[in-house]
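**Student:** Everything below, folded, please.
(2 chains)
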2 protein chains.
Amino acid sequence: MALPDSLPKSVRIVEVGPRDGLQNEPGDIIPTEVKVELINRLSDAGLSYVEAASFVSPKWVPQMGDASAVMAGINRKSGVTYAALTPNMKGLEGAIEAKVDEVAVFSAASEAFTQKNINCSIKESLERFTPIMETAKANNIRVRGYVSTVLGCPYNGDIAPEQVAAVCRDMLDMGCYEISLGDTIGVGTPLKAKKMLEVVSKSVPVEKLAAHFHDTYGQALANLYAVIEEGIAVVDTSVAGLGGCPYAKGASGNVATEDVLYMLNGLGIETGVDLNKLVATSHWITQQLGRSNGSKVSLAIGCE
Amino acid sequence: MALPDSLPKSVRIVEVGPRDGLQNEPGDIIPTEVKVELINRLSDAGLSYVEAASFVSPKWVPQMGDASAVMAGINRKSGVTYAALTPNMKGLEGAIEAKVDEVAVFSAASEAFTQKNINCSIKESLERFTPIMETAKANNIRVRGYVSTVLGCPYNGDIAPEQVAAVCRDMLDMGCYEISLGDTIGVGTPLKAKKMLEVVSKSVPVEKLAAHFHDTYGQALANLYAVIEEGIAVVDTSVAGLGGCPYAKGASGNVATEDVLYMLNGLGIETGVDLNKLVATSHWITQQLGRSNGSKVSLAIGCE
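**Tutor:** This is a model prediction of the structure:
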């Protein structure tokens, strides 16, 4: 029996709860001070990378309308990267003004998803990044790239790994320093994830790839374990499993940070994150939102 | 990158919902006809092994007080094994009278758990099996063995894999044809599960081992994937994630059959189970019980 000797010594957790999480929560607009406290609690728990806001038109995403106020309100902890999603130049300008550390752009591996989601082809979505990449570079801001639907599309079904690889390579060539592979609707399974990674890592070094796997079908941890075995060392997660994908039918979306952290701790992989503080934050934010907790670890450990 | 070539071609799912699941559900006693219909629906969905009842004193487990009536009420589908838990001779006699196909006995890898759970030492728990094994053999009834707390104990914490191996070996030597390794409180993680299996499989061939992993901390699928990679080909699951372990603090226990089946389907592993029929059964039973569905797959696919 061969125990994997290839597990990374440490994994960087990219906490997307305040952005990808809250953006997709139903209900009222969440007060700015709650978002600020959430981000501060997350950095205090040891998370070194927090996706804090999205600079988008409040007409389309009212939940993120206070992005500048959020960025202005947080305590900037040394060593922590505070990032924001910037789908267009206006967003980037707002993000630069708000002094974000990094920005992120997104495309998808599925033509149908890109059309329905951002109303253009994959190629056009990449072309739109060109001025963003240039301006970000001129301002010494690193750009992270998200690629959606890498393990399946709600409209097109299966996605060829070669198609994923091509989009990832294009985004890397345009200047993204890291590409986050999104299983947007959570339909992947471990071997499918491994095979996709096997193909993509021929075009983009595995050191420049992250896994952003949703838990819609309960597969996220198994899939993450499978790709961590293959060298993935950056994982996107959301405290309490906040948010999800509005395109998936199920109740759950983002994999909970606590559940991933519990697994990484068990694998002896360092993250720098304090599980107890994270669980406390998880219970605090779900109480603020009046929603149930999407993390089994937080439910099992309970409130102190 | 090495894709696992060691995955089994097929996996036998041991459906424990009607016994381990319902036994641990809070609330009213479930009507016999609901249990009977659940078992019939599960066999109709293609499950070839259903743990249908527990022959125990109704004083201790009132929920299982109708075990004989359940066994008498079900449609015995050809090729399906209907099993029952029989903790003592009286239970075994009841099970034989009710014409169960197989019985199961249980012990644990933790002395503290055995003391608190069945009020004796591990050694004594095994000695109690002796007459059960003899009578079962005389009646041509196979005996399955459960070993609890193989990845951790609520009282003792970590459990040495060597201790698990010793109990498993003893139960095999006493005549159990298969040993089900129970992560009773769901605290395991993939590497821990692999390492435990590595040690245990030196004493008991992996072909005679099953995985009974709880999902209390959300780790069950990752752990199952990890041990399936190492040759485990029998997995215990519970439709809709019914039941759990009363010793674990969390809300969830048994891993949902649907979530495991979804993963196995994705891995190209045959089970003979129809996912759509299983999901329909899952929604039906949770409606009967008035509880939420513990399967993410069933929630994602939804009710038809």
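**Student:** which residues of chain A score low on pLDDT?
**Tutor:** Applying pLDDT under 70 to chain A flags residues A:1-5, A:244-252, A:304.
**Student:** Check the secondary structure at residue A:38 for me.
**Tutor:** Assigned by DSSP: H, G, I helix; E, B strand; the rest coil, the conformation of residue A:38 is helix.
**Student:** and what of residue A:51?
**Tutor:** Going by three-state DSSP: residue A:51 is strand.
**Student:** Count the residues that sit near the residue of the stretch 51-200 of chain A found nearest chain B.
**Tutor:** For the stretch 51-200 of chain A and chain B, the shortest gap (Cβ to the nearest Cβ) falls at residue A:189, measuring 2.5 Å. (Each C-beta comes from the backbone N, C-alpha and C, glycine too.) Neighbourhood size, residue A:189 [other Cβ atoms under 10 Å in any protein chain shown]: 24.
**Student:** That one: what's it in contact with?
**Tutor:** Residue A:189 makes contact with A:219, A:222, A:223, B:262, B:263, B:265, B:266, B:267 under the criterion Cβ atoms under 8 Å, 6 or more residues apart in numbering or on different chains.
**Student:** and what of residue A:227?
**Tutor:** A:193, A:194, A:197, A:211.
**Student:** Could you check which helix or strand contains it?
**Tutor:** Using DSSP states H and E, residue A:227 sits in helix A:220-228.
**Student:** What is the helix or strand just after that helix packed up against?
**Tutor:** Past helix A:220-228, further along toward the C-terminus, the next helix or strand under DSSP H and E is strand A:234-237. Packing contacts for strand A:234-237, counted by 3 or more Cβ pairs under 8 Å, 6 or more residues apart in numbering or on different chains; DSSP states H and E, involve strand A:12-15, strand A:178-183, strand A:209-213, helix A:257-266.
**Student:** Export strand A:234-237 to PDB, keeping only CA atoms.
**Tutor:** Taking C-alpha atoms only, strand A:234-237 is exported to PDB below (Å, rounded to 0.1, in the frame of the first residue of the first chain):
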ATOM      1  CA  VAL A 234      -4.000  26.700  -3.000                       C
ATOM      2  CA  VAL A 235      -7.700  26.100  -2.100                       C
ATOM      3  CA  ASP A 236     -10.600  28.500  -2.300                       C
ATOM      4  CA  THR A 237     -13.200  28.100   0.500                       C
END
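**Student:** Switch the helices and strands packed on strand A:234-237 over to JSON lines; also include distance to chain B and mean neighbour count.
**Tutor:** Below are the helices and strands packed on strand A:234-237 laid out as JSON lines (distance: least, Cβ to the nearest Cβ, whole Å; neighbours: other Cβ atoms under 10 Å in any protein chain shown):
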{"stretch": "strand A:12-15", "distance to chain B": "15", "mean neighbour count": "24"}
{"stretch": "strand A:178-183", "distance to chain B": "12", "mean neighbour count": "26"}
{"stretch": "strand A:209-213", "distance to chain B": "12", "mean neighbour count": "26"}
{"stretch": "helix A:257-266", "distance to chain B": "2", "mean neighbour count": "26"}
